[in-house]
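Visitor: sequence and predicted structure, then a few things I'm wondering about:
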Amino acid sequence: MKKDIKRMSKGWSAVVGVGVGVGVGALVAWAWRRSAIPPDSWEEVGVVSELAVYPLKSGRPLYVQEAAATEHGLSVGPHKDRSFIVILKEGSLVTGRQKPKLTFVTVKIDGDTATFEAEGAEGLAKVNLQTVTQEGEAVDANIFGAPVKGVDCGDAVSRWMSEFLYEGRREVRVLYRHPQMDRRVQRHEGLEFPQFLDTDKVIYADVSPYHIVTESSVEDLNTRLEKPVKRNRFRGNIVVKGSKPYDEDDWAYVKIGEVVLRMLQPCDRCSFPTVDPETGTKDPDKEPQETLKTYRILKSPEKLAKLWATSPMFGTILGIDVCGTVRVGEKVLVKRASRNPKWRYWK
């Protein structure tokens, strides 16, 4: 455990530079702006083993072999990551934390039609996205304090979702990303995370458009659990195979093909990993959260240790500097934070 904590502390001294790429072909400009970083410092750590797009926040993922890495997250055709949310009628967000059955809901988009269905639900619901975006009512909502806008997807999907989640006892509304919505990443008030840029964007994800989980870290966690968990508990967009456990703590930059991602901060975990997306229920022993707390709680710096006193770290969340295409099987290259003592993810 001491070895793990030492590795964890070393990795979390990550520091990230500034500047943003503008898409495919921007890698040369990106490297030029970061000329202080040795050009040969990319290190191969593994390969992409899984890509997942979550059209509905807290819903079922769409597993794909390749995806566009955009400024707002992974995208496959009309399926854009976290572009739908569920809210209560009064505006508060509904996630799998409150309603684990939400993890059963699948959204499939064909042309202008989005189809909502779920295991155990009666029937399905269809939404015409062209009609919604042109004629739908703009609604204000918030994601853990961050104000957002969405277009109401109509009464049919509202009735279907209300019945599935609350058996009709409470009304929910389904929102689709507002055409003019361009939400920026929310920052913690009173804390400085210099790797966040004013140009970073996100739709309905909690903090950032990208989340990396490694197979080896999940495997290491499972050696500590009585009942092993699958990596889908952690809802990563990009899963990496072949790296050492918790090595991702030290990845200041990640390069996959032409895509370059920038580590924003370690991922502080809420209770969501206690929800099994295959059963739609919470673990009665609050696992794997309780076990993660025994060895993945941040000890320093003091402000963050206090902020995340009950939130173990697992995986990393990232912004994007160079957009492009990512594919399963591609090599994962990194620049390490530990190789530049001046870099910090927090100050």
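Guide: Noted; the coordinates are in hand.
Visitor: any idea which residue of this protein is furthest from its center?
Guide: Distance from the centre of the chain peaks at Arg169, with 30.5 Å (Cα atoms, centre = their mean).
Visitor: which SSE is that residue in?
Guide: Following DSSP states H and E, there is no helix or strand that holds Arg169.
Visitor: low pLDDT regions in the chain?
Guide: Where the chain drops to pLDDT under 70, the residues are 1-40, 182-191, 347.
Visitor: spatially central residue in it, please.
Guide: Note on the chain: the residue nearest the mean C-alpha position is His211, at 4.2 Å, using Cα atoms, centre = their mean.
Visitor: contacts made by the longest helix along the chain with the rest, please.
Guide: Identified as the longest helix of the chain according to DSSP state H is helix 155-166. With contact meaning Cβ atoms under 8 Å, 6 or more residues apart in numbering, helix 155-166 is reached by 86, 94, 99, 101-102, 105, 116, 118, 120-127, 152, 168, 170-174. From N, CA and C alone the C-beta is placed, and that goes for glycine too.
Visitor: next: stretch 270-281.
Guide: Outside stretch 270-281, the residues within contact range by Cβ under 8 Å, 6+ apart are 60, 95-97, 100-101, 103-104, 120, 229-230, 232-235, 282-283, 286-289, 292, 311, 314.
Visitor: next: stretch 282-300.
Guide: Applying Cβ under 8 Å, 6+ apart, the contact partners of stretch 282-300 are 1, 4-5, 8-9, 12, 100, 221, 224-227, 229, 233, 266, 268-269, 271, 273-276, 304-305, 308-314.
Visitor: quick check on these: which are buried?
Guide: Neighbour-count burial (16 or more other Cβ atoms under 10 Å) is assigned, among the contacts of stretch 282-300, to 8, 12, 100, 221, 229, 233, 266, 268-269, 273-276, 304, 308, 311-314.
Visitor: list the contacts for Val47?
Guide: 240-242, 329-332.
Visitor: er, Tyr54 I mean
Guide: By Cβ under 8 Å, 6+ apart, Tyr54 lies in contact with 60-62, 81-82, 235, 237.
Visitor: so who does the closest residue to Lys241 other than its chain neighbours touch?
Guide: Using Cβ to Cβ, 6 or more residues apart in numbering and skipping the chain neighbours, the partner closest in space to Lys241 is Ser49 (3.7 Å). Ser49 makes contact with 215, 239-241, 328, according to Cβ under 8 Å, 6+ apart.
Visitor: Phe234 and Phe314 touch, don't they?
Guide: Yes - with contacts counted by Cβ atoms under 8 Å, Phe234 reaches Phe314, the gap being 6.4 Å.
Visitor: name the residues contacting each of the two.
Guide: With Cβ under 8 Å, 6+ apart as the test, Phe234 and Phe314 both reach 213, 273.
Visitor: now, which of the contacts of stretch 270-281 lie within helices?
Guide: 289, 292.
Visitor: which among the contacts of stretch 270-281 end up buried?
Guide: By neighbour count, with 16+ other Cβ under 10 Å, the contacts of stretch 270-281 hold 60, 95-96, 100-101, 103-104, 229, 232-235, 282-283, 287-289, 292, 311, 314 as buried.
Visitor: now, those that are in strands?
Guide: 282, 314 (DSSP state E).
Visitor: separation between Gly123 and Pro277?
Guide: From Gly123 across to Pro277, the span is 22 Å (Cβ to Cβ, to the nearest Å).
Visitor: kindly report the same for Arg173.
Guide: Separation of Arg173 from Pro277 (Cβ to Cβ) stands at 23 Å.
Visitor: now the closest residue to Thr103 other than its chain neighbours: how far from Phe314?
Guide: Distance criterion Cβ to Cβ, 6+ apart; nearest residue to Thr103, sequence neighbours excluded, is Pro277 at 4.0 Å. Distance of Pro277 to Phe314, given as Cβ to Cβ: 16 Å.
Visitor: for Leu74, same thing?
Guide: As judged by Cβ to Cβ, Leu74 and Phe314 stand 20 Å apart.
Visitor: picking up where we left off before, quick one: the next helix or strand after the longest helix of the chain to helix 155-166, angle?
Guide: Per DSSP H and E, the first helix or strand lying C-terminal to helix 155-166 is strand 172-177. Orientation check (axes from the mean of the first three to the mean of the last three Cα atoms, to 10 degrees): strand 172-177 against helix 155-166 gives 120 degrees.
Visitor: contact partners of strand 172-177?
Guide: Contact with strand 172-177 is made by 80, 83-89, 94, 114, 116, 127, 129, 132-133, 136, 139, 141, 150-153, 157-158, 161-162, 165-166, 203-204, as judged by Cβ under 8 Å, 6+ apart.
Visitor: more neighbours, Gly123 and Pro277?
Guide: Between Gly123 and Pro277, Pro277 has the larger neighbour count (other Cβ atoms under 10 Å), namely 20 against 9.
Visitor: relative to the helix or strand where the residue nearest to Lys241 lies, what are the paired strands and their orientations?
Guide: Using DSSP H and E, Ser49 sits within strand 43-53. Strand 43-53 pairs in its sheet with strand 62-64 (antiparallel), strand 238-241 (antiparallel), strand 331-336 (antiparallel), by DSSP bridges.
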